[in-house]
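S.K.: here you go, sequence then predicted model.
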Amino acid sequence: MAQSSKPIVWGPFAAGGTLTAFLTPALMVLTLLAALGYTPDLLAYERLHAFAGSWLAKLALAGTVFLTLWSAAHRLRITCYDLGVRADTLVATLLYSAALAGTAAAALYLSRI
Amino acid sequence: MSERRVELEVLRYHPETDAAPRFQRYSVDCREEWVVLDALNHVKETLDPTLSYRWSCHMAVCGSCGMMINGEPRLACKSFLRDYQGVIRVEPLAHFPIERDLVTVIDDFMAKLKRVKPYLIPAQARALEQGEYRQTPAELKRYKQFTLCMNCMLCYAACPEYGLIPKFIGPAAISLAHRYNQDSRDGGRAARQEEIAAAEGVWECSFTGACSEVCPEHVDPAAALQQVKIKSTVDWYLAHLMPWLKK
Amino acid sequence: METVHTDVAILGAGGAGLRAAIALAEADPKLRIALISKVYPMRSHTCAAEGGAAGVIKPDDSLEHHFHDTVAGGDWLSDQDVVEYFIREAPRELVQLEHWGCPWNREPDGSVAVRSFGGMQKQRTWFAADKSGFHILHTLFQTSLKHPSIERFDEFYATELLLDEGRCAGLVAIEMRSGRLVRFDARAVIVAGGGAGRMFPFTTNGAVKTGDGMALAYRAGVPLKDMEFVQYHPTGLPSTGTLLTEACRGEGGVLLNKNGRRFLQDYGMGPETPLGKPVFKTMELGPRDRISQAFWHEQKKGNAVPTQWGDAMLLDMRHLGEKKIDERLPLVRDMSISYMSVDPVTDPVPVRPVVHYMMGGIHTDIRAATPLPGLYAAGECACGSINGANRLGSNSLTELLVFGRRAALSAIEHLQSGAPPASDAALAGGAAAAQARIRELMQRSGGGETVAGLRKEMMQAMEQHAGIYRNGEGLAEACGKLADLRRRYARIELHDRTNVYNTDLLQALELGSMLDCAEAVVASALERRESRGAHQRLDFAARDDAKFLKHSLAWYGGAGAPRIDYAPVSITSSQPGVRDYSGAHA
Amino acid sequence: MSRKPYLREETMRWVFRHPRYLRYMAREFSCLFIGGYGLLMVWGLKRLSEGPAAWRSFLEVLQSPASIAFHVLALGFALYHSVTWFKLTPKALPVQVGGEFLPDGIISGAHYAVWAALSLAVLILAGAF
Ligand SMILES: Cc1cc2nc3c(=O)[nH]c(=O)nc-3n(C[C@H](O)[C@H](O)[C@H](O)COP(=O)(O)OP(=O)(O)OC[C@H]3O[C@@H](n4cnc5c(N)ncnc54)[C@H](O)[C@@H]3O)c2cc1C
Ligand code: SF4
Ligand code: F3S
Ligand code: FES
């Protein structure tokens, strides 16, 4: 039997899981503060624009978006199966494509900053 | 010596007469210190000789008496009556076909066990005259926990993914492969990867972790499976991104 | 009836059966091997063995030491040429297991570790924590999966051996899951069916140990040898009979009576050794028969500790400390807490002697061959006479490896000797007769006897009359009782007459085996008018070498009582002497 | 043939068989919120790239009650994800030092410490306080 190519999808899932575990709560707190009207300094247009202007930050942001979307997509794929949705290939294609599309969009927007 | 009347609700199924399983109630006088297996034996001896189930050691080492007790996969010989109140519901292990009463069909598991090559494939052959391989206590410790599996299959009954995807090789068999992979004497990982790193191998595991929670031997199959996933992923990326590393 | 054609059929997939199967497969991959077992291999009772397996490996030890310990431990009833072969092969077999992956405990330098065991003058017991048998069994089972020529028939219950012209040529077994009978035609048969401790009510033995292998050979005309020697292990949990391994004492645990006295010193096993510093072959490291007998006397003197399950003594391991107990005796701790609610780290554990092992069994020689051509036996069901009148702990796991392999090699020699194939008509006739007997049992009605009822009476008789101490009167009564039970067995009535996984039928057949074995035990015990090893007669308290330095053989007597006669003991270098466990040798 | 093994159908009932399966489902459901948050980030980048006015309106939308509710829920699930993830890392990446395995608590603990430090650093650098 052939060794599975699942590592391609699992590798970024594990990386994304780790990244989101470490980072996402803090990011959410930032936007939550903004949502509550206490916008942190970084989220002011000028600062954020300047921050996202650097190549390093662009790369980091794109990477974060990719890993976040990918790990969520992978988990959702499995959850769908757990919940009885048996069209795994279809679900997988849709979800991973969505994650890739989201990443591509983020890259596009970043390139415009 | 205190006695207690215990109500057992046992799933009965007889292929020659029943279309589907049904519950049967038994009310038995038990001693407080008994385990569920003692109660079943008592039923068989005094109330109903037609009840079928598996057991042998009565000391939680042979792995034959796995059943669902109040919905949890457990060893009947290590489930104490004193830990249960009210009616105790006894069913065959989940996810396995029922042969009869509490006896399940385990062909699937036995076949998977064989597939993962759970035996030492020596890294370096050694003649008997050369004596034992050297293995330090630290090297022993690296895999020891995974040798403790008694093939009771409680983990299969607990794992939802096995229930959903019967092809999944499952926690115990993969842990056993991992046990040999981790053994300092072994060189057979590549051969085992063909099975355990396949789609039906470790990749059907979603890290539910239920397997480890119910394992009576604390084998921690969930840990073994995640370790296999990481290693297989590293393998894959090395092989595809740095193919020149391949011998 | 379906027929399976095979070269060698093995009855039993415990340690002995698996070892034999692997040896056959290794010797010739073309051999067809049928491994038939009433339980899945890893459920066999070898998995319950805790302490370890003996084999000389360390430089301070020697084969002579192992030889003398074994022969003296067996009260000189061991066949010494067989013991010599056994101790020579022992280290090889244990290394072989190591090469197959057995997770033996290790020394810091990476060599295997050994521990002390009762009756041994050196540390020579290889161990894997306190799950040695478990690891041996699983290592063997897993290794057997490597060999495609081993065809397993799991959950097949063997009911009869098939004979043709004075040779064993196969067997008949019931496939449990379907109830159908299958005939196995084999050029050689190896019986590895395990012990028969379930004849007794209070035993360390699992449900599978009902003496089927012994009974099958016995009914086929092979004598059962030295059946009167039934080993009591001194330290079982009084609630369930669950064993606490001898390694508890090997590691330094001590036995106390209700006054806190280490009473073994009062029974020739003293002087008292310092706490935590066990001395070989002294006090708690004395042999099992002596310790169990000492308990019996203490009980008579009123020195036992009363518990709700009857009299007990105390096994005190507190001084070993939590770390050592967890490292070396984790299962012991777990079971004491689970089944007795006593934590050995903080409290002494009540224990009492419990039926553990059959020294006797199918009469085999140094080649693991029975007198019936084509039939071999190994493991606890066989009596190749290394254990004599009392087995030393940790010799049995090694024995099943050494003689499991030996049986395989002898079977191959038999195949090569070019014996003509058995006649199909004879085998078909035997199989049809076997089927008719099962059918009759299934359909019988109006007898009114029950399996559970007869089993209980048998156990009571055995406990009462064939225990640690016996006497002629009691044994005679037991003989009568068992003969009666066998007659009543013919009137047994099944409640379950269906085919699929019929455990009512299974238990009825197992009861038949146990009754046969039990009769052989009491008949042999009645005739042996002396005390030796595990066979202690109150009416003949001394060992009598002049009359009884010989093996008893029990021959199946059909509907009548077994016939007892004797065979000589083989003595090479050790003349019968005094079994000395007083520390004087130290 | 008298055999007729009975196969029980697997239904969704397993989720309710034991609390552990509900916990598992909760963990898996965190992906909806984390994924949703990922999309929110993409959208934020879009608005950021469209100039100050767009960004301001993005911040305004953030302040809608629906967004606040989403944030609170999402934060809860994200925290749950972090906790479960760190609890499981010792299993996936056991560390053996001098023969003994490091206790799970130490490995998890180290992760928690890094997590706390990192979160604090992000919040401070972003000027949340
Ligand atoms: C609790 C305990 C602890 C022990 N500890 C030690 C120790 O530390 N050291 C030591 O040396 N010894 C120890 N012993 C003794 C030793 O474990 C046994 O003597 C040994 O394991 C027996 O192995 P076996 O292969 O002969 O039989 P078993 O392992 O009992 O296997 C018997 C096989 O025969 C099969 N069988 C039986 N009847 C039939 C039938 N009718 N049809 C088909 N198959 C059948 C069974 O299915 C099984 O596979 C211990 C024993 C016990 C009970
Ligand atoms: S891993 Fe644990 S639960 Fe699973 S079969 Fe092995 S011992 Fe049983
Ligand atoms: S329960 Fe099943 S999903 Fe994985 S972690 Fe255990 S095998
Ligand atoms: S009877 Fe052996 S594990 Fe329960």
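M.R.: It's in. Ligands and ions are numbered 1, 2, ... in the order given.

S.K.: show me the shaky parts of the chain.
M.R.: Chain wasn't specified; assuming chain A. Chain A contains residues with pLDDT under 70 at A:1-3.

S.K.: to clarify, I was referring to chain D.
M.R.: D:1.

S.K.: which stretches in it count as strands?
M.R.: Under the criterion DSSP state E, strands of chain D are mapped to D:96-97, D:100-101.

S.K.: just the stretch 51-200 of chain C next, same as before
M.R.: C:53-54, C:114-115, C:125-126, C:150-154, C:156-164, C:167-175, C:181-185, C:188-191 (DSSP state E, counting those that start in this stretch).

S.K.: ranking those by burial, who's on top?
M.R.: Across the strands of the stretch 51-200 of chain C, averaging neighbours per residue (mean count of other C-beta atoms under 10 Å in any protein chain shown) puts strand C:188-191 on top, at a mean of 33. Glycine gets a C-beta too; all of them are placed from N, C-alpha and C.

S.K.: that strand pairs with which strands, parallel or anti?
M.R.: strand C:8-11 (parallel), strand C:375-377 (parallel) (DSSP bridges).

S.K.: which bits of chain B sit near chain D?
M.R.: Selection of chain B residues close to chain D by C-beta under 8 Å from any C-beta of the partner chain yields B:13, B:15-16, B:20-21, B:71-72, B:94-95, B:97-99, B:105, B:136-138, B:141-142, B:160, B:163-164, B:206-210, B:212-213, B:220, B:222-223, B:226-227, B:229-230.

S.K.: which ones among these are found in strands?
M.R.: Those of these lying in strands (DSSP E): B:72, B:98, B:99.

S.K.: isn't the first one right up against residue B:213?
M.R.: What that stands for is residue B:72. No. Under the criterion of C-beta atoms under 8 Å, residue B:72 is not in contact with residue B:213, lying 9.4 Å apart.

S.K.: what's the single longest helix in chain B?
M.R.: Identified as the longest helix of chain B according to DSSP state H is helix B:221-241.

S.K.: and chain C, is that helix touching that?
M.R.: No. Residues of helix B:221-241 contacting chain C under C-beta under 8 Å from any C-beta: none, with a closest distance of 15.3 Å.

S.K.: contact partners of that helix?
M.R.: A:3, A:5, A:7-8, A:10-11, A:14, B:146, B:149, B:155, B:171-172, B:174-175, B:177-179, B:181, B:193, B:196-197, B:201-203, B:205, B:207-209, B:211-212, B:215, B:245-246, D:88, D:91-94 (C-beta atoms under 8 Å, 6 or more residues apart in numbering or on different chains).

S.K.: so how far is it off the chain centroid?
M.R.: The chain centre lies 22 Å from the centre of helix B:221-241; the measure is C-alpha atoms, centre = their mean, to the nearest Å.

S.K.: buried ones in it?
M.R.: With burial defined by 16 or more other C-beta atoms under 10 Å in any protein chain shown, the residues of helix B:221-241 counted as buried are B:221-233, B:235-236.

S.K.: so what's residue C:243 up against?
M.R.: B:59, C:48, C:50, C:204, C:233, C:235, C:236, C:237, C:354, C:356.

S.K.: if I look at the last one, how far off is residue A:33?
M.R.: When C-beta to C-beta, to the nearest Å is applied, the distance between residue C:356 and residue A:33 equals 72 Å.

S.K.: nearest to ligand 3, of the buried residues of helix B:221-241?
M.R.: residue B:222 (3.6 Å; C-beta to the nearest ligand atom).

S.K.: what's the pLDDT at the closest one?
M.R.: Residue B:222 is assigned a predicted lDDT (pLDDT) of 97.

S.K.: mind pulling up the pLDDT for the closest residue to it other than its chain neighbours?
M.R.: The shortest distance from residue B:222 to any non-neighbouring residue, by C-beta to C-beta, 6 or more residues apart in numbering or on different chains, is to residue B:212 (4.1 Å). Reported pLDDT at residue B:212 in the predicted model: 97.

S.K.: nothing else from me, thank you.
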